[in-house]
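A.B. asks: Model the structure of this input:
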Amino acid sequence: MIRGAVAIFTRDFKKFLSNPFVVVMTLMMPIMYLVIFGNAFGGTISHIPVAVVQEGPPYNDTPLFTSATYALNHIPQTDYPKLLDVTIYSDEITAKHALDKGLVSAVIVFPSEASSDHTIRLYVDSSDSIIPALVESALNSVLAKLAANNPVAINNIYGDIKYIQFFGVGVIMMAIFTSTMFGGGIALIKDREAGIHEGYLVTPVQRTSIIAGIISSGTIRAFIAGFTIFIIDILLTGIVIQSFADFLLVMLVILIACVGVTSLVVSFASRFSAQQEYASTVAFLNLILFMTSGAFYPVIGMPGWLRWITVINPEYYGVDALRGIILRGQGLDVIGMDLVALLIFSGAMFILGIVTYRRTLE
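C.D. replies: Model prediction:
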């Protein structure tokens, strides 16, 4: 019995060592978890864009407005850049418009000398899970240092949004990636291992049609997964879609993301002949993309080198677009750039998927 166990152990261990790619990826995954998790979460948030304005017609700046604005713009953080980037706006309407468009994270309205009360109004983007509390804390700290007794009225412009709602939007993108990468990609490799894809060569169907069909099928599977998680989010977290137009816009974002991810999977799966190699690579890629998408933690809190990954990360644009529609009720005028980025990614991946998979058929 011992001799047989040793023989099986030796065989399996040699199989593991015979594939250096899997060995390397097995060692790289824990390292990447350390690097990505350690830098993507819990980092010190800095340079939060904040608008300040004095209420009412253009009166002369009050001492409180002048002193508080300077103090807010010079809040130090030990070993880190300053906390807030303060911009003075000429009127309250323009400042609130910038908040609606996502140009700033908060608007602080200071009372004028002619004000009937001396309340400071703080408008925050409540769709963010962390930044509003930081801005509120910074404002209260500055007022305390200035010995100002003005009350602060906080206005959550998108209502009281819980963290599960904030995170739930990101799970939609995760469902799209995981269902396609681990489902569709492994299925393609299984077909190749079974010798099925060679049979395509003798069919009367054109190669481009075969590839387009594969991508279309994967897109539908990914769309079903994303749509299902979207409905579950609504039921479990209490998310309210404000209009049917917003619902259709969510469907459009999910569909575009599905096309791009499925095409990416096809191009990846075309390069691997073994499921182990493919699964380890895809897990590595999925980790980097999802952790830098802003689904868990604001991108503004990540170090500069990690933020560069978000620039080329399609999940970031998908999460940002879905969060804008679902939590903020924003339209194409705000999420337009996210859609453009997703379209560019999907178009590039579709072409790449066709080119790479055609080579496996030739």
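
A.B. asks: Specify the beta-bridge partners of the closest residue to Tyr123 other than its chain neighbours.
C.D. replies: By the measure of CB to CB, 6 or more residues apart in numbering, the closest residue to Tyr123 outside its immediate chain neighbours is Val107, 4.3 Å from it. To be clear about C-beta, it is placed using only N, CA and C from the backbone, and glycine gets the same treatment. Beta-bridge pairing of Val107 under DSSP bridges involves Ala51, Tyr123.

A.B. asks: close enough to count as contact, Val107 and Ala95?
C.D. replies: Yes - if you go by CB atoms under 8 Å, Val107 and Ala95 touch, sitting 4.6 Å apart.

A.B. asks: more neighbours, those two?
C.D. replies: For Val107 and Ala95, the more surrounded residue by other CB atoms under 10 Å is Val107, and the numbers stand at 26 against 23.

A.B. asks: mind listing the helices for the stretch 101-250 of the chain?
C.D. replies: Here the stretch 101-250 of the chain has its helices, by DSSP state H, counting those that start in this stretch, at 131-145, 163-178, 185-193, 196-199, 207-237, 244-269.

A.B. asks: Can you pull the residues that touch both of Val107 and Ala95?
C.D. replies: Common contacts of Val107 and Ala95, defined by CB atoms under 8 Å, 6 or more residues apart in numbering, comprise 51-53, 89.

A.B. asks: Relative to Leu306, which of those residues is nearest.
C.D. replies: Distances from Leu306 to the shared contacts of Val107 and Ala95, taken as CB to CB, are shortest for Ala51 (26.8 Å).

A.B. asks: Provide a list of residues in contact with that closest one.
C.D. replies: Ala51 makes contacts with 86-89, 95, 98-99, 104, 106-108, as judged by CB under 8 Å, 6+ apart.

A.B. asks: Please convert the buried members of those into PyMOL selection syntax.
C.D. replies: Command for PyMOL that selects the buried part of the contacts of Ala51, burial taken from 16 or more other CB atoms under 10 Å:
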select buried, resi 86+87+89+95+98+99+104+106+107+108
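
A.B. asks: Make CSV out of the contacts of Ala51 and add distance to Asp125 and pLDDT.
C.D. replies: Below are those laid out as CSV (distance: CB to CB, whole Å; pLDDT from 0 to 100):
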residue, distance to Asp125, pLDDT
Val86, 16, 93
Thr87, 15, 93
Ile88, 19, 93
Tyr89, 16, 93
Ala95, 13, 93
Ala98, 11, 93
Leu99, 7, 93
Val104, 8, 93
Ala106, 7, 94
Val107, 9, 96
Ile108, 13, 95
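
A.B. asks: how about the contacts of Ala51 in CSV, adding distance to Lys145?
C.D. replies: Compiled in CSV, the contacts of Ala51 are given as follows (distance: CB to CB, whole Å):
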residue, distance to Lys145
Val86, 16
Thr87, 21
Ile88, 20
Tyr89, 23
Ala95, 24
Ala98, 27
Leu99, 25
Val104, 23
Ala106, 19
Val107, 21
Ile108, 15
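
A.B. asks: Out of the contacts of Ala51, which comes closest to Phe247?
C.D. replies: Closest approach to Phe247 among the contacts of Ala51 (CB to CB): Leu99, at 24.5 Å.

A.B. asks: Contacts only, for the nearest residue to the closest one once chain neighbours are set aside.
C.D. replies: Leaving aside its sequence neighbours, Leu99 sits nearest to Val107 (CB to CB, 6+ apart; 5.1 Å). Contacts for Val107 (CB under 8 Å, 6+ apart) come out as 50-53, 89, 92, 95-96, 98-99, 122-123.

A.B. asks: how about 7 Å then?
C.D. replies: 51, 53, 95-96, 99, 123 (CB atoms under 7 Å, 6 or more residues apart in numbering).

A.B. asks: Then Ile241?
C.D. replies: Contacts of Ile241 (CB under 7 Å, 6+ apart): 247, 326.

A.B. asks: let's go with 6 Å and repeat that
C.D. replies: Counting by CB atoms under 6 Å, 6 or more residues apart in numbering, Ile241 touches Phe247.

A.B. asks: got it, and Ala71?
C.D. replies: Contacts of Ala71 (CB under 6 Å, 6+ apart): Val142.

A.B. asks: Quick check: closest non-adjacent residue to Lys145.
C.D. replies: In space, Lys145 is closest to Ala71, 6.6 Å off (CB to CB, 6+ apart).
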